[in-house]
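Novice: could you look at this predicted model? Sequence included:
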Amino acid sequence: MPSTRETILAALHARLSALPATALRGEVLPERVPADGLLILRDGEPGEPEVTLSPLAYHYQHRAEIEAVVQGADRDTAFDALTASIGAALTADRTLGGLCDWVEAE
């Protein structure tokens, strides 16, 4: 059974996979970028937990990174559209189906 961390990251990757750009997770940058763009999800580290004592619980503020890559003559517009689509995908369900408390882009 996967950990909560892995379940959340898999759900985030699935959310990114629904976008027109190709979404990879933890991969190296390929030699060719697809025409619709490329997203690479980097898992990051959960860091140190905040602890509550009653009841005992550990709360992590995990930062995952998304590399967004586009090519072409109109890459500024394509990049803007791609990053806007990432924001819209995250805004649609900030808890990733109840798996986490909150997801937001910086």
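Specialist: That came through fine.
Novice: so who does the residue positioned nearest the centre of the chain touch?
Specialist: With distances taken as CA atoms, centre = their mean, residue 12 lies nearest the centre of the chain, 5.0 Å away. When contacts are counted by CB atoms under 8 Å, 6 or more residues apart in numbering, residue 12 touches 41, 64, 96, 103. C-beta here means a position set from N, CA and C on the backbone, and glycine is covered the same way.
Novice: mind doing that once more with 10 Å?
Specialist: When contacts are counted by CB atoms under 10 Å, 6 or more residues apart in numbering, residue 12 is found next to 23, 25, 41, 43, 64, 66, 89, 90, 96, 99, 100, 103.
Novice: secondary structure class for residue 87?
Specialist: helix (DSSP: H, G, I helix; E, B strand; the rest coil).
Novice: what about it, how many neighbours?
Specialist: Using other CB atoms under 10 Å, residue 87 has 12 neighbouring residues.
Novice: quick one on the thing from earlier: can you tell me which of the contacts of residue 12 is nearest residue 55?
Specialist: residue 100 (18.8 Å; CB to CB).
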